[in-house]
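What follows is a predicted protein model with its sequence.
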Amino acid sequence: MTVPTFQKGSFLVSLGIIVISIVASTSVGIITETWRGYLPNNTCLLYGSVSDTYSSEQYYGLHGSNVSNCDYVAFVPVLFIFVCLPLAIYYFIQAKGGKTDDGMVLLGIFCVCLVMSMLSIVQACMMSVGYATTCAAIRYILIKNNMINIAGRPNETAIAFINSMDCKFHYDALDYFFNEEQSGVYTDTGLRIGSGSSWLIFILWFSLTGLTVGLIRQNRQG
C-alpha cells in the first residue's frame, strides 16, 4: 500500500469511529438515563442485581449498580469523538495534499490509538458483561416473583420456559412492567445497539492503530 492509500484509509476509519461513537453514546445514554430515574437511588441498569427482599419501591427486586458504570460506557464514546475529530482532519489534509507524514507525529498518533484501543475494549466488555448480568437478574426475578403456582411450589414448566428465552424476552418483560412510564423506550434494542457499536468502535480503533503502523513503516522506508 502507498502512503496516500494509508492516509485515505486512516481518514475513513477515523470518520467511522466518530459516527459509530455518536450512535453508541446516544443509544446507551438514552437507556441509562431513562432507567436511572426508576431504579433505587438513581443507579445504573447495567450489572443489575436481585434484592433479597421485595417491596413495591424496589421494582420487582431489581437493583442497579454504581452509576459510574453507566457514565463510563456512555461518555467514553464522547471522548473518542473529540480525539478522532482532529485525527480525521489531519489525515484528510495529508491525503488531499499528498504530503508525507512526520515520523514524530505518527508516533504520537500511534500512542493515542493504542490508548484509545484499550479504553474501547474495556468499554465494550463492560457493555456486554453488564447487559448479560442484568439479563440474568431479570430472569431470576421473573421466576422468583411471578412463576409460582397456587400451591406455592415452583412451576417447573414455567421456569424451563423462562430459562429457555433469550435476553430480549427478559428486557421486554422489564419494559412491560413500566410501559406507561417508559414512553416507548425499548431497553433491549438500545443496549444491543450500544453493545454492538462499542465492539465495532474497538475494531475500528485497532484498525486505525494498524494503519498508523503501516504509515510509520512507509515513512521509514522513504
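Noted; the coordinates are in hand.

where do the strands sit along the protein?
For the chain, applying DSSP state E gives strands covering 44-50, 62-65.

Of all those, which one is nearest Leu174?
Nearest to Leu174 among those is strand 62-65; the distance by Cβ to Cβ comes to 7.5 Å. In short, each C-beta sits where N, CA and C put it, glycine included.

Name every strand pairing with that closest one and say which way it goes.
Looking at strand 62-65 with DSSP bridges, its paired strands and their directions are strand 44-50 (antiparallel).

re earlier: between the strands of the chain, which one is closest to Lys168.
Each of the strands of the chain was scored for nearness to Lys168 using Cβ to Cβ, and the closest is strand 44-50 (15.1 Å).

residues in contact with the closest one?
Counting contacts by Cβ atoms under 8 Å, 6 or more residues apart in numbering, the residues outside strand 44-50 that touch it are 31-32, 35-36, 39, 61-71, 73, 126-127, 129-131, 133-134, 137-138, 140-141, 144, 187.

buried subset of those residues?
Neighbour-count burial (16 or more other Cβ atoms under 10 Å) applied to the contacts of strand 44-50 gives 31-32, 35-36, 39, 61-65, 67, 69-70, 73, 126-127, 130-131, 134, 137-138, 140-141, 187.

Let's see which of those residues end up in helices.
Using DSSP state H to define helices, the subset of these located there is 31-32, 35-36, 67, 69-70, 73, 126-127, 130-131, 134, 137-138, 140-141, 187.

hey, where'd the helices end up in the protein?
In the chain, helices defined by DSSP H lie at 3-36, 67-97, 103-146, 156-164, 167-177, 179-182, 187-221, listed in chain order.

Which neighbouring elements make contact with the last one?
When you say that, I think you mean helix 187-221. Counting by 3 or more Cβ pairs under 8 Å, 6 or more residues apart in numbering; DSSP states H and E, the packing neighbours recorded for helix 187-221 are helix 3-36, helix 67-97, helix 103-146, helix 167-177.
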